[in-house]
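Novice: Predicted structure and sequence below. I'll ask about it afterward.
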Amino acid sequence: MDNSWTFVFFPEERYEKKLFCVFEVFCIFAVYSWIWFYEEVADTLFLTSCLGLLNCLKMETIKKIYKIGLGPSSSHTMGPHRAATMFAARTKNTATRYRVTLYGSLAATGRGHHTDMAITRGLAPKEVEILWRADIVKPFHTNGMLFEALDADGGVVDQWLVYSIGGGYLATEEGEVPLGITPEGEVYPHNTMRDIMEHIDREGLSFWEYVEQCEDGTLWMYLEEMWQQMQQTIEEGLQDDRVIAGGLHLRSKAHQYFVRASGFKPSLQSRALVIAYALATSEQNACGAKIVTAPTCGSSGVLPAVLYHLKKNHGFSDREILRAMATAGLFANVIKTNATISGAEAGCQAEVGSACVMAAVASNQLFGGSPKQIEYAAEMAMEHNLGLTCDPLCGLVQIPCIERNAMAALRALDINIYAMMSDGRHIISFDKVVRTMKLTGHDLPSLYKETSLGGLALDD
Ligand code: SF4
């Protein structure tokens with residue numbers, strides 16, 4: 001019998017000590033290798049495998065972060081309005097009037113979200129009848145809409161069953177309805193901030209130049225359109241003075257704050273104006289007016305307030321602001337690709353937290369921050385919003401959403417100062433905090449993820 005294996009596993013007494021030492025060294029080596037692997041490699045591998053499917057998910061155009069639409073909700077107003085506009089265009093020569101049936105969640109919460117108003121505006125000027133069928137939930141998706149074009153006798157001449165699947169996106173049972181935004185598909189070669197920073201460092205690029213290289217020639221025109229709308233929304237919001245519809249009887253405050261700010265000393269005035277600008281957009285959003293997602297409807301007040309303030313108070317040019325928007329869009333894109341920007345998925349940290357990131361990086365870039373400082377600003381903006389819950393009263397995007405946008409705008413400006421005073425070195429990476437936000441969102445009970453069943457939304 002060959003005893004060699006027996007020797008290895010059951011060594012004689014004289015070899016036992018030596019082999020044990022070798023085994024011990026091997027174990028220590030293995031443990032340290034694992035620690036190194038975990039810290040240096042696994043961090044990225046885990047990130048990409050859990051959240052980005054081993055680098056298969058590349059990022060789409062940043063134009064999808066910025067979309068003009070009707071507030072207050074991308075799924076309950078922006079999507080339905082878009083569907084209505086598309087159906088109106090397709091039936092403009094055949095329809096005399098319209099009938100629209102709303103199913104599931106759209107029917108259950110659509111009145112509070114102004115879904116009917118958004119659809120009626122999309123189909124205007126023709127008459128529209130809305131049927132509310134919360135009792136019917138279509139298996140494909142809860143936010144179903146059946147558009148029917150009727151002739152003068154009430155006969156159906158055309159119909160379209162379409163779903164508002166979130167973020168302003170639409171789908172039929174055959175597939176997604178293209179947004180019509182170019183370039184299509186995955187346009188960025190990287191999907192983590194670490195890879196992007198390595199690349200721009202190697203090539204000597206700034207973040208906005210990297211965005212410019214990856215996008216098509218319509219980028220600046222598109223961002224210009226978004227910036228014009230952001231400014232228009234703020235200016236309209238500053239003029240409005242009314243009770244916001246929905247049942248909470250919440251009075252708009254932007255106008256009041258704007259007027260009062262003019263009586264303050266300059267140092268306080270500039271912060272007071274930032275609050276007024278953020279309230280202006282968020283209140284317009286709550287009223288169902290036209291806004292730009294940045295990155296969502298609920299968080300649409302943060303970035304425009306900061307940019308508007310930096311233009312008015314610090315004299316930054318529109319060109320500089322568009323470049324800041326490009327960088328802000330890039331950071332939001334990393335969050336969207338590797339985690340989420342949806343409050344329903346991860347709570348308000350994903351919405352207002354992401355908006356705070358966008359505003360912090362935009363202002364840091366405008367004040368001349370290096371890529372490391374910009375990344376630090378982004379990391380802090382998300383880190384200090386971690387765990388932020390979504391518990392809006394009565395399911396309306398009003399309390400705590402409107403004030404929260406103002407607080408996030410102020411916080412973004414404070415973070416900018418903090419990052420500017422640093423040399424950009426920090427321990428926690430932006431990629432890691434994005435991963436943490438996703439995991440935190442996963443661990444949050446659904447009560448705190450846009451269900452209005454917990455937190456502030458609970459009755460006293
Ligand atoms: S609390 Fe919820 S609805 Fe309001 S802004 Fe945050 S994520 Fe959006």
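Specialist: Ah, there it is.
Novice: Skipping its backbone neighbours, what lies nearest whichever residue of the stretch 1-150 of the chain sits closest to the ligand in space?
Specialist: As assessed by CB to the nearest ligand atom, the ligand sits closest to Ser73 within the stretch 1-150 of the chain, at 7.8 Å. (C-beta placed from N, C-alpha, C; glycine too.) Spatial nearest neighbour of Ser73, chain neighbours left out: His113 (5.0 Å); criterion: CB to CB, 6 or more residues apart in numbering.
Novice: Next up, the contacts around that neighbour.
Specialist: Going by CB atoms under 8 Å, 6 or more residues apart in numbering, His113 touches Pro72, Ser73, His76, Thr77, Gly395, Leu396, Val397.
Novice: Can you give me the neighbour number for the residue of the stretch 1-150 of the chain closest to the ligand?
Specialist: The tally of other residues near Ser73 (other CB atoms under 10 Å) stands at 31.
Novice: Confirm for me that it is in contact with Thr293.
Specialist: No - judged on CB atoms under 8 Å, Ser73 makes no contact with Thr293 at a distance of 10.5 Å.
Novice: hmm, back to that, pick out the lowest-pLDDT one from the contacts of His113.
Specialist: Lowest in pLDDT among the contacts of His113 is Gly395, which has 84.
Novice: Quick check: which element contains Ile291?
Specialist: strand 290-292 (DSSP states H and E).
Novice: who touches that strand?
Specialist: Residues from elsewhere that reach strand 290-292 (CB under 8 Å, 6+ apart): 66-71, 226, 229-230, 232-233, 281, 284-285, 297, 300, 304.
Novice: Check the gap between the residue of the stretch 151-300 of the chain found nearest the ligand and His141 for me.
Specialist: As assessed by CB to the nearest ligand atom, the ligand sits closest to Gly298 within the stretch 151-300 of the chain, at 2.8 Å. Counting by CB to CB, to the nearest Å, the gap from Gly298 to His141 is 20 Å.
Novice: Where do the helices of the stretch 201-350 of the chain begin and end?
Specialist: Assigned by DSSP state H, counting those that start in this stretch, the helices in the stretch 201-350 of the chain fall at 207-214, 219-239, 254-261, 266-286, 302-314, 318-338, 343-346, 348-366.
Novice: and the fifth one, does that touch the ligand?
Specialist: Pointing back at helix 302-314 there. No - Helix 302-314 stays clear of the ligand (CB under 6 Å from any ligand atom), getting no nearer than 9.7 Å.
Novice: how far does that helix sit from the chain's center?
Specialist: Centroid displacement of helix 302-314 relative to its chain, using CA atoms, centre = their mean, to the nearest Å, is 19 Å.
Novice: How about the shortest one?
Specialist: Here the centre of helix 343-346 is set off from its chain's centre by 10 Å, with CA atoms, centre = their mean.
Novice: and what of the second one?
Specialist: For helix 219-239, the distance between its averaged C-alpha position and the chain's averaged C-alpha position is 18 Å (CA atoms, centre = their mean).
Novice: avg pLDDT for it?
Specialist: Computed over helix 219-239, the mean pLDDT rounds to 98.
Novice: For this structure, what lies in contact range of the ligand?
Specialist: Neighbours of the ligand within the chain, by CB under 6 Å from any ligand atom: 298-299, 343, 348, 351-352, 390, 392, 397, 400-401, 404, 450.
Novice: and these, which are buried?
Specialist: 298-299, 343, 348, 351-352, 390, 392, 397, 400-401, 404, 450 (16 or more other CB atoms under 10 Å).
Novice: And the residue of the stretch 151-300 of the chain closest to the ligand, how close does it get to Gly168?
Specialist: Taken as CB to CB, the span from Gly298 to Gly168 is 13 Å.
Novice: surely the residue of the stretch 151-300 of the chain closest to the ligand meets Gln398?
Specialist: No - with contact defined as CB under 8 Å, Gly298 does not reach Gln398; the gap is 9.9 Å.
Novice: Can you pull the residues that touch both of those two?
Specialist: Overlap of the contact sets of Gly298 and Gln398 (by CB under 8 Å, 6+ apart) consists of Pro72.
Novice: sorry, back to before: for the residues of the chain next to the ligand, give me a markdown table that also has distance to Ala326.
Specialist: What follows is those, written out as a markdown table (distance: CB to CB, whole Å):
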| residue | distance to Ala326 |
| --- | --- |
| Gly298 | 23 |
| Ser299 | 19 |
| Gly343 | 25 |
| Cys348 | 25 |
| Glu351 | 21 |
| Val352 | 21 |
| Cys390 | 28 |
| Pro392 | 31 |
| Val397 | 27 |
| Pro400 | 30 |
| Cys401 | 26 |
| Arg404 | 25 |
| Glu450 | 29 |
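Novice: Go through those and name the one nearest Gly122.
Specialist: Distance to Gly122 across the residues of the chain next to the ligand (CB to CB) is lowest for Val397, with 19.5 Å.
Novice: who touches the residue nearest to Glu225 when sequence neighbours are not counted in this structure?
Specialist: In this structure, Glu225 finds its nearest non-sequential neighbour in Ile68, 7.4 Å apart by CB to CB, 6+ apart. Ile68 sits next to Glu225, Met226, Gln229, Lys290, Ile291, Val292 when contact means CB under 8 Å, 6+ apart.
Novice: List only those of these flagged as buried.
Specialist: Met226, Gln229, Lys290, Ile291, Val292.
Novice: which pair in the residues you listed spans the largest distance?
Specialist: Met226 and Lys290 (11.5 Å).
Novice: and the residue nearest to Glu225, bridged to which residues?
Specialist: Going by DSSP bridges, Ile68 is paired in beta bridges with Val292.
Novice: That one and Ser342: what is the separation?
Specialist: In this view, Ile68 and Ser342 are 19 Å apart by CB to CB.
Novice: swap in Gly122?
Specialist: Distance from Gly122 to Ser342, counting by CB to CB: 23 Å.
Novice: what's the average pLDDT for stretch 377-384?
Specialist: Stretch 377-384 comes out at a mean pLDDT of 98.
Novice: Hmm, I typed the wrong one, I wanted stretch 90-102.
Specialist: In this model, stretch 90-102 has a mean pLDDT of 97.
Novice: Cheers, nothing more for now.
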